[in-house]
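Trainee: I need the structure of the sequence given here:
(one chain, ligands or ions: 1)
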Amino acid sequence: MVQIDAIVIGSGAGGAAAAWALAERGASVLLLESGPAYDPFSDYRLDRPDWALDEFPAKVPVFNRQTVAPSQALEPKWTGLNSWNKVAGRYNRGDRRLNGGYSHFVGLGGSTLHFTGEAHRLHPAAI
Ligand SMILES: Cc1cc2nc3c(=O)[nH]c(=O)nc-3n(C[C@H](O)[C@H](O)[C@H](O)COP(=O)(O)OP(=O)(O)OC[C@H]3O[C@@H](n4cnc5c(N)ncnc54)[C@H](O)[C@@H]3O)c2cc1C
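Mentor: Reported below is the predicted structural model:
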């Protein structure tokens, strides 16, 4: 029988990094992922010069799939800070924050499979 020290659920940036850190310290880690695996050579066709123009060939529908918490309520005292323009008025006329169509990915690697490639620099205090 295999001894498991830790189970990590989800193979996205968070889960994969946690699993890697644990495994590097000698732990036996079981990483569970609910989505399918992708093969960059057959699934993304990286051999074609125009590959980046294609939609990501998701095997599980992802559009507007949200794993974020419900939208926060907007505090009336900060109304003056909300986005607006002279022609259309306030962008958000509701009383909660708007969630865009943020498409979290379901697959081995999680949302890193189709992220945009920006590498945000951490604040020195967070390192
Ligand atoms: C379109 C897009 C562009 C982005 N561009 C950038 C960028 O340029 N730069 C940047 O820094 N960040 C970017 N991000 C954000 C970044 O990709 C995410 O913040 C990061 O990948 C989230 O990692 P995560 O591990 O928290 O979650 P996810 O990547 O969402 O991973 C969660 C994983 O857990 C799996 N899972 C969920 N529930 C279960 C369950 N019950 N059992 C088993 N498995 C489960 C899911 O299938 C998924 O694979 C982008 C995100 C998107 C959607």
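Trainee: list the contacts for the residue nearest the centre of the chain?
Mentor: By C-alpha atoms, centre = their mean, the chain has its centre lying nearest to residue 111, at 4.0 Å. By C-beta atoms under 8 Å, 6 or more residues apart in numbering, residue 111 lies in contact with 12, 13, 104, 105. C-beta here means a position set from N, CA and C on the backbone, and glycine is covered the same way.
Trainee: which among those residues count as buried?
Mentor: The neighbour-count test (16 or more other C-beta atoms under 10 Å) marks 12, 105 as buried among those.
Trainee: need the contacts of residue 111 in JSON lines with distance to residue 45, can you?
Mentor: As requested, these are exported to JSON lines (distance: C-beta to C-beta, whole Å):
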{"residue": "12", "distance to residue 45": "23"}
{"residue": "13", "distance to residue 45": "24"}
{"residue": "104", "distance to residue 45": "23"}
{"residue": "105", "distance to residue 45": "18"}
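Trainee: just the contacts of residue 111 that are near the ligand?
Mentor: 12, 13, 104 (C-beta under 6 Å from any ligand atom).
Trainee: which SS class is the residue lying closest to the second one once chain neighbours are set aside?
Mentor: If you skip the residues right next to it in sequence, residue 13 has residue 112 as its closest partner in space, 5.3 Å away by C-beta to C-beta, 6 or more residues apart in numbering. Assigned by DSSP: H, G, I helix; E, B strand; the rest coil, the conformation of residue 112 is helix.
Trainee: state the pLDDT value of residue 112.
Mentor: At residue 112, the model reports a pLDDT of 89.
Trainee: over to residue 108?
Mentor: 94.
Trainee: check residue 115 too.
Mentor: 80.
Trainee: tally of neighbours for it?
Mentor: 13 (other C-beta atoms under 10 Å).
Trainee: ranges for the strands of this structure?
Mentor: Remark: strands assigned in the chain by DSSP state E are 6-9, 29-32, 84-85, 89-90.
Trainee: need the contact partners of the last one.
Mentor: By C-beta under 8 Å, 6+ apart, the residues outside strand 89-90 that reach it are 82, 83, 84.
Trainee: what about that strand, average pLDDT?
Mentor: 91.
Trainee: likewise for the third one?
Mentor: Per-residue pLDDT values over strand 84-85 give a mean of 91.
Trainee: many thanks, we can stop here.
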